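Trainee: build me a model:
(one chain, ligands or ions: 1)
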Amino acid sequence: MAARRPIIAGNWKMHKTPEEAKELVTAIAAGMAGKSFGCEVVVAPPFTSITSAVAAAAGTPIGVAGQNVYWEDEGAFTGEISGGMLKSAGCSFVIIGHSERRQYFGETNETVRRRIEAAVRWNLVPIFCLGETLEEREAGETFNVIRSELTEGLRGVRPDDPLRFVIAYEPVWAIGTGRTASPEQAQEVHAFLRREIGGLLGEGFAERMRILYGGSVKASNAKALMACEDIDGGLVGGASLNAEDFLGIIREGS
Ligand code: PGA
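Mentor: Model (predicted):
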């Protein structure tokens, strides 16, 4: 089996001014200094704090992600950000299709697909988020929902480098609720996702790409989740806003 290097990514959502971003990245970098971790570390600040996070991350192993990307390169698209803009600001990753985007901002599988396509074109690593709601899980629809989010989000998109394409399984009922999927529940979906990706992009691709788990990840539950065969890291919201909490997860996830 291919050894996959885990990724611990912090999704800051709508938190942290440029000054606060600098402080947080500096504190994370200080906590990582002189130690070698087995995982990649990424932070996703809001757009206005990207350049300050990138400056603070210079010379450290911390990568920076955008929280969204638009599919056009420039033009009259008020409120949107292009792949080229993220790239030139110093991002190497971008979160796409987060459930908050889907739930509050009308994001659909089709807009997600177009954003993934743009990320791949700009050589940004997409962190493609998908996951079922509580109602869908209780109705026994989890695998159908995940399959359609995956296949529709990837329709016509052909990433060719498995190391530069990341999926995050984020059960909506576990996001910001303190309620985490059990390692067994998460592993079951991750294994399903890997099989499905194998069918879409080839087994070799599926074996090497990273699938992150997201939803109330904390230092106290990270180890058990990351120990699962198909869980290759975490997308962390609340616990990524504080350096000590995030460093705890980095340690457990390595
Ligand atoms: P949470 O958020 O860790 O606060 O549950 C995760 C996410 O939304 O990516």
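Trainee: residues contacting the residue of the stretch 1-150 of the chain found nearest the ligand?
Mentor: Residue nearest to the ligand within the stretch 1-150 of the chain: Asn11 (4.1 Å; C-beta to the nearest ligand atom). For glycine as for every other residue, the C-beta is placed from the backbone atoms N, C-alpha and C. Contact criterion C-beta atoms under 8 Å, 6 or more residues apart in numbering gives 44, 67, 95, 98, 214, 235-237, 240 as the residues in contact with Asn11.
Trainee: could I get the residues you listed in TSV, plus columns for pLDDT and neighbour count?
Mentor: Output for the contacts of Asn11, formatted as TSV (pLDDT from 0 to 100; neighbours: other C-beta atoms under 10 Å):
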residue	pLDDT	neighbour count
Ala44	99	28
Gln67	98	23
Ile95	98	26
His98	98	28
Gly214	97	27
Leu235	98	28
Val236	98	29
Gly237	97	22
Ser240	98	26
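Trainee: would TSV of the residues you listed with secondary structure be doable?
Mentor: Output for the contacts of Asn11, formatted as TSV (DSSP: H, G, I helix; E, B strand; the rest coil):
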residue	secondary structure
Ala44	strand
Gln67	coil
Ile95	strand
His98	coil
Gly214	strand
Leu235	strand
Val236	strand
Gly237	coil
Ser240	helix
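Trainee: re earlier: and the residue of the stretch 1-150 of the chain closest to the ligand, its phi and psi?
Mentor: Backbone torsions for Asn11, taken as degrees, to the nearest 10, come to phi -100, psi 100.
Trainee: contacting residues around the one helix or strand Ser148 maps to?
Mentor: Element membership of Ser148, judged by DSSP states H and E, is helix 142-154. Residues outside helix 142-154 that contact it (C-beta under 8 Å, 6+ apart) are 97, 109-110, 112-113, 116, 128, 130-133, 136, 167, 169, 189, 192-193, 196-197, 200-201.
Trainee: give the buried subset of the residues you listed as a ChimeraX selection command.
Mentor: Applying 16 or more other C-beta atoms under 10 Å to those leaves a buried subset, and the ChimeraX line that selects it is:
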select :97,109,112,113,116,128,130,131,132,133,136,167,169,189,192,193,196,197,201
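Trainee: ok, and which of the contacts of helix 142-154 reach the ligand?
Mentor: Under the cut-off given by C-beta under 6 Å from any ligand atom, the ligand has nothing from the contacts of helix 142-154 close to it.
Trainee: so of the contacts of helix 142-154, which ones are in helices?
Mentor: 109-110, 112-113, 116, 136, 189, 192-193, 196-197, 200-201 (DSSP state H).
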